[in-house]
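Participant: here is my input; please provide its structure:
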Amino acid sequence: MSAPPSRPGLYGLPRQCENTAAPARVHTAHDFAELQGWARAKGVPLTVGAEDWHSLTYQATALVSGERVCC
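Facilitator: Numbering: from 1, shown residues only. As a prediction, this is how the structure comes out:
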């Protein structure tokens, strides 16, 4: 059985695909501006990683030296 198609998250940002392989490395941004800067420098879009009634978690995933890194 295939996964349902991804639908846009809040503010039209795409949801991160839940069935992708886990990244090899995680980079933690200390604030939203740092996350935006990291994603812009890597040339990747921000996605909604998780959401609930009180908060959104944004993330960006990029290839860095051939290794998947999630911020």
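
Participant: C-alpha from now on. contacts and neighbour counts both.
Facilitator: Fine.

Participant: contacting residues for the closest residue to residue 26 other than its chain neighbours?
Facilitator: Distance criterion Cα to Cα, 6 or more residues apart in numbering; nearest residue to residue 26, sequence neighbours excluded, is residue 70 at 4.9 Å. Contact analysis of residue 70 by Cα atoms under 8 Å, 6 or more residues apart in numbering lists 23, 25-27, 59-62.

Participant: need the helices for this protein, in chain order.
Facilitator: 32-42 (DSSP state H).

Participant: could you list the low-pLDDT ranges of it?
Facilitator: Across the chain, the ranges flagged by pLDDT under 70 are 1-24.

Participant: in it, which spans are strands?
Facilitator: 25-26, 47-51, 56-59, 61-64, 67-70 (DSSP state E).

Participant: ok, residues contacting the first one?
Facilitator: Which is strand 25-26. So strand 25-26 is contacted by 67-71 (Cα under 8 Å, 6+ apart).

Participant: pairing partners for it, with directions?
Facilitator: strand 67-70 (parallel) (DSSP bridges).

Participant: next, the buried residues of the partner strand.
Facilitator: Buried positions in strand 67-70, judged by neighbour count with 16 or more other Cα atoms under 10 Å: 69-70.

Participant: circling back to that earlier point, can you list the contacts of residue 70 in TSV and add distance to residue 41 and neighbour count?
Facilitator: Below are the contacts of residue 70 laid out as TSV (distance: Cα to Cα, whole Å; neighbours: other Cα atoms under 10 Å):
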residue	distance to residue 41	neighbour count
23	18	14
25	17	12
26	16	12
27	14	13
59	14	22
60	11	22
61	12	22
62	10	18
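
Participant: need the max-distance pair from those residues.
Facilitator: 25 and 59 (13.1 Å; Cα to Cα).

Participant: that concludes my questions; thank you for your assistance.
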